[in-house]
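> Got a sequence here, can you build the structure:
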Amino acid sequence: MAATPQNPAASAPRRKVSRHRGEGQWAMGHFTPLNGNEQAKKDDDGLNVRTRIETIYSKRGFDSIDPSDLRGRMRWWGLYTQRKPGIDGGKTAVLEPEELDDEYFMLRVRVDGGALTTAQLRVIGEISQEFARGTADITDRQNVQYHWIRIEDVPEIWNRLEAVGLSTVTACGDTPRVMIGSPVAGIAEDEIIDATPALEEMKRRVLNNPAYSNLPRKFKTAISGSPLLDVVHEINDVAFVGVRHPEHGPGFDVWVGGGLSTNPKLGVRLGAWVPIDEVPDVYEGVISIFRDYGYRRLRNRARLKFLVADWGAEKFRQVLQDEYLGGRELLDGPAPEQPVQQWRDHIGVHRQKDGRFYVGFAPRVGRVDGATLTKIADLAEAHGSGRVRTTVEQKMIVLDVAEDQVDSLVDGLEALDLTARPSSFRRGTMACTGIEFCKLAIVETKQRGSTLIDELERRLPEFDEPITINLNGCPNACARIQVADIGLKGQLVVDDRGEQVEGYQVHLGGALGLEPGFGRKVRGLKVTAQELPDYIERVLKRFQAEREDGERFAAWAARASEEALS
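This next block holds a predicted model:
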């Protein structure tokens with residue numbers, strides 16, 4: 001198991017100290033902070049800001065917050081200032097942070113593995129209505145995000161969340177973020193292995209632990225034993241994917257170094273098979289390598305994917321074994337098999353291995369509200385066992401539904417505009433937070449995504465092919481634009497009247513799971529927000545006309561002419 005000392009300097013393997021500051025790697029003896037973020041983390045652990053929030057800031061108000069806490073350490077407890085209303089996208093990159101900051105916060109509630117009880121969901125909904133003006137978006141990492149949070153209300157919100165076993169700790173910041181997991185872990189008929197025990201032990205070891213609260217940047221984790229590959233493992237810093245070893249049975253294949261943003265990279269396999277009881281040790285080893293060897297000089301190179309790209313999988317595995325697993329040799333193992341279907345969201349009605357059913361349904365681009373969440377909790381209690389799940393596609397699932405309760409649950413969800421029988425467009429469209437609340441955004445996304453669904457359903461009512469349409473408000477790819485069939489990166493474009501308006505750069509043919517790869521950019525292809533429905537309708541009609549038998553959109557887009565994609 002990896003060492004977990006409290007002193008960051010002591011946490012790194014001892015090396016001869018070089019005068020050259022290099023990339024700021026602790027394991028190379030480079031402990032001097034090389035940028036403001038590293039200095040702030042050295043000055044005080046982000047975990048400590050909670051005490052100041054509870055005893056000072058919540059009592060004295062927004063103006064009392066130290067700037068280093070406001071734009072740094074408060075993220076360790078899930079808090080970001082949201083965008084001040086009325087600032088257009090053209091000013092995003094030119095204004096100072098204090099000019100963009102509103103006096104309200106986004107607060108992220110971590111939902112590891114997407115697992116919620118109806119009691120927890122009800123509390124989330126009640127907090128939304130009382131403190132967040134009804135907001136409660138489902139994210140593509142299974143979290144719930146509030147907006148309009150006042151600093152004065154944060155301690156009470158924490159008290160209510162923690163009373164039902166929820167937390168916002170390290171939901172943001174240079175920390176181990178939420179651990180995404182299969183939303184049907186332990187219940188799916190086709191499951192290779194239930195990863196829940198490993199996920200729970202991983203949480204116990206690293207959350208709220210000062211040994212892991214100062215990483216070079218954020219650290220994203222995924223684990224699933226589903227053959228559907230339902231946790232986008234290819235784009236996480238570390239992922240454990242269920243596989244069957246020919247000699248040792250079910251276990252996990254280890255992937256490292258995935259991530260998107262402005263420099264996307266798919267994760268690579270270490271080629272190692274790990275039994276479930278060793279997963280937490282390997283996880284601690286990987287996160288410790290990132291802490292000790294990760295690049296801390298430049299923020300834009302501080303993700304694990306850059307270290308993995310420089311080292312390669314073989315060296316990474318060797319360092320993991322030699323320095324963090326006490327010389328233990330990991331077993332070689334097989335790669336996961338390709339899933340048999342493109343949809344991996346668990347939408348619809350599916351039989352569980354105990355004979356009951358789970359029902360997956362689709363909010364619009366993850367946008368819900370507190371009142372709706374409390375109604376979902378009521379439905380789940382009336383028709384299930386009190387367990388619900390969120391997914392990495394901004395969807396939700398009710399578990400443990402008896403066969404004679406399925407139809408009435410589906411009808412109840414439909415009455416809330418939460419269909420378990422969505423169109424391909426409702427099912428496959430995702431959107432990030434966008435300019436409504438995000439300080440990095442350039443364009444609007446949530447409402448535009450919802451309107452786009454309606455338009456495409458009206459224009460292409462018979463279209464029933466799997467299709468993913470991901471809208472992002474800026475280049476940072478929170479909505480995974482590079483791995484969508486149609487990825488839309490928000491930017492300002494010039495319309496046919498020569499005016500600068502909201503629009504999107506188009507990526508086409510990205511995919512995960514089935515032949516993973518990044519989307520294709522057609523030279524100069526940008527679409528205004530107003531033209532978006534026309535453009536997507538045109539491209540999908542060409543796909544239908546030109547596709548070969550059984551051909552997926554991504555495969556067609558890879559071979560289609562630029563004219564067909566324009």
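
> shouldn't residue 436 be in contact with residue 83?
Yes - at 7.5 Å, residue 436 counts as touching residue 83 under the criterion of CB atoms under 8 Å. Quick note: C-beta positions are derived from backbone N, CA and C, even for glycine.

> Which of these two has more residues huddled nearby?
Ranked by neighbour count (other CB atoms under 10 Å), residue 436 and residue 83 place residue 83 first, with 23 against 16.

> what secondary structure does the residue nearest to the more buried one when sequence neighbours are not counted sit in?
Distances taken as CB to CB, 6 or more residues apart in numbering put residue 439 closest to residue 83, at 4.7 Å, once the chain neighbours are dropped. With DSSP: H, G, I helix; E, B strand; the rest coil as the basis, the three-state label of residue 439 is coil.

> Count residues in the vicinity of the residue lying closest to residue 148 once chain neighbours are set aside, would you?
Distance criterion CB to CB, 6+ apart; nearest residue to residue 148, sequence neighbours excluded, is residue 133 at 4.3 Å. The number of residues packed near residue 133 is 14, by other CB under 10 Å.

> Low-confidence stretches in the stretch 201-350 of the chain?
For the stretch 201-350 of the chain, no stretch has pLDDT under 70.

> any idea where the helices of the stretch 51-200 of the chain begin and end?
For the stretch 51-200 of the chain, applying DSSP state H, counting those that start in this stretch gives helices covering 58-60, 67-70, 97-100, 118-131, 154-163, 196-206.

> hmm, back to that, now the residue nearest to residue 83: how far from residue 105?
12 Å (CB to CB, to the nearest Å).

> Looking at the two, which is more packed in?
Here residue 439 and residue 105 are set side by side on neighbour count (other CB under 10 Å), and the busier one is residue 105, at 25 against 22.

> Tell me who's in contact with the more buried one.
Contacts here follow CB atoms under 8 Å, 6 or more residues apart in numbering; on that basis residue 105 touches 74, 79, 80, 81, 82, 147, 149, 150, 151, 154.

> hmm, back to that, show me the one of the helices of the stretch 51-200 of the chain that comes nearest residue 458.
Go through the helices of the stretch 51-200 of the chain one by one with CB to CB and the one that ends up closest to residue 458 is helix 118-131, at 30.7 Å.

> Would you mind pulling up the elements that the closest one packs against?
Helix 118-131 makes packing contacts with strand 144-149, helix 154-163, helix 370-383, strand 387-390 when contacts are defined by 3 or more CB pairs under 8 Å, 6 or more residues apart in numbering; DSSP states H and E.

> switch to 10 Å and redo it
Contact analysis of helix 118-131 by 3 or more CB pairs under 10 Å, 6 or more residues apart in numbering; DSSP states H and E lists strand 101-109, strand 115-117, strand 144-149, helix 154-163, helix 370-383, strand 387-390 as its packing neighbours.

> Next one: the spatially most central residue of the chain from residue 204, what distance?
If you average the C-alpha coordinates of the chain and look for the closest C-alpha using CA atoms, centre = their mean, you land on residue 141, 3.0 Å from that point. Computed as CB to CB, the residue 141 to residue 204 distance reads 20 Å.

> ok, which stretches of the stretch 251-400 of the chain are helices?
279-293, 304-311, 313-319, 370-383.

> for the ones you listed, which one sits closest to residue 426?
Nearest of these to residue 426, taken as CB to CB: helix 370-383 at 15.7 Å.

> average pLDDT for the closest one?
Per-region confidence: helix 370-383 scores 98 on mean pLDDT.

> That helix - contacts with which helices or strands?
Counting contacts by 3+ CB pairs under 10 Å, 6+ apart, helix 370-383 packs against strand 115-117, helix 118-131, strand 144-149, strand 357-361, strand 387-390, strand 396-401, helix 406-415.

> Any chance of these in JSON lines with mean neighbour count and mean pLDDT as columns?
Output for the helices and strands packed on helix 370-383, formatted as JSON lines (neighbours: other CB atoms under 10 Å; pLDDT from 0 to 100):
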{"stretch": "strand 115-117", "mean neighbour count": "23", "mean pLDDT": "98"}
{"stretch": "helix 118-131", "mean neighbour count": "21", "mean pLDDT": "98"}
{"stretch": "strand 144-149", "mean neighbour count": "24", "mean pLDDT": "98"}
{"stretch": "strand 357-361", "mean neighbour count": "24", "mean pLDDT": "98"}
{"stretch": "strand 387-390", "mean neighbour count": "24", "mean pLDDT": "98"}
{"stretch": "strand 396-401", "mean neighbour count": "25", "mean pLDDT": "98"}
{"stretch": "helix 406-415", "mean neighbour count": "16", "mean pLDDT": "98"}
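
> Residue 299: which of the ones you listed is closest?
Among the helices and strands packed on helix 370-383, if distance is taken as CB to CB, the winner is strand 144-149, at 22.7 Å.

> Quickly run through the sheet partners of the closest one, with directions.
On the basis of DSSP bridges, the sheet neighbours of strand 144-149 come out as strand 101-109 (antiparallel), strand 137-138 (antiparallel).

> hey, which of the ones you listed is tucked in deepest?
For those, average neighbour numbers computed from mean count of other CB atoms under 10 Å are highest in strand 137-138, which has a mean of 24.

> what sits up against stretch 126-133?
If you take CB atoms under 10 Å, 6 or more residues apart in numbering as the criterion, stretch 126-133 is touched by 104-107, 109, 124, 134-137, 144-150, 152-154, 156-157, 160-161, 166, 368-374, 377.

> let's see it at 7 Å
Here stretch 126-133 makes contact (CB atoms under 7 Å, 6 or more residues apart in numbering) with 134-136, 146-149, 153, 157, 160, 369-371, 373-374.

> Which of the residues you listed are buried? Put it as a PyMOL command.
In PyMOL, this line selects whichever of the contacts of stretch 126-133 come out buried by 16 or more other CB atoms under 10 Å:
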select buried, resi 134+135+136+146+147+148+149+153+157+160+369+370+373+374
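
> Strands along the stretch 451-566 of the chain, start to end?
With DSSP state E, counting those that start in this stretch as the criterion, the stretch 451-566 of the chain has strands at 469-472, 486-494, 500-508, 520-528.

> Please state the offset of the shortest one from the chain centre?
From the chain centre to the centre of strand 469-472 is a distance of 14 Å (CA atoms, centre = their mean, to the nearest Å).

> ok, how many other residues are close to residue 44?
15.

> Nearest residue to it in space, please, no chain neighbours.
Spatial nearest neighbour of residue 44, excluding adjacent residues (CB to CB, 6+ apart): residue 73 at 6.7 Å.

> Output the strands of the stretch 451-566 of the chain as a markdown table; include the columns distance to residue 335 and mean neighbour count.
A markdown table is the format used below for the strands of the stretch 451-566 of the chain (distance: least, CB to CB, whole Å; neighbours: other CB atoms under 10 Å):
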| stretch | distance to residue 335 | mean neighbour count |
| --- | --- | --- |
| strand 469-472 | 26 | 28 |
| strand 486-494 | 26 | 23 |
| strand 500-508 | 26 | 21 |
| strand 520-528 | 25 | 15 |
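
> Now tabulate the ones you listed in a markdown table and tack on distance to residue 409 and mean pLDDT.
Formatted as a markdown table, the entries for the strands of the stretch 451-566 of the chain read as follows, by distance: least, CB to CB, whole Å; pLDDT from 0 to 100:
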| stretch | distance to residue 409 | mean pLDDT |
| --- | --- | --- |
| strand 469-472 | 27 | 97 |
| strand 486-494 | 32 | 95 |
| strand 500-508 | 37 | 96 |
| strand 520-528 | 39 | 89 |
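
> Pipe these into a markdown table and attach distance to residue 382 per row.
What follows is these, written out as a markdown table (distance: least, CB to CB, whole Å):
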| stretch | distance to residue 382 |
| --- | --- |
| strand 469-472 | 33 |
| strand 486-494 | 38 |
| strand 500-508 | 41 |
| strand 520-528 | 44 |
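
> of all those, which lies closest to residue 44?
The minimum distance between residue 44 and the strands of the stretch 451-566 of the chain falls on strand 469-472, with 32.9 Å, by CB to CB.

> just checking, what packs against the closest one?
Counting contacts by 3 or more CB pairs under 7 Å, 6 or more residues apart in numbering; DSSP states H and E, strand 469-472 packs against strand 429-431, strand 486-494.

> Neighbouring strands - and their directions - for the shortest one?
Pairing partners of strand 429-431, with direction, according to DSSP bridges: strand 469-472 (parallel).
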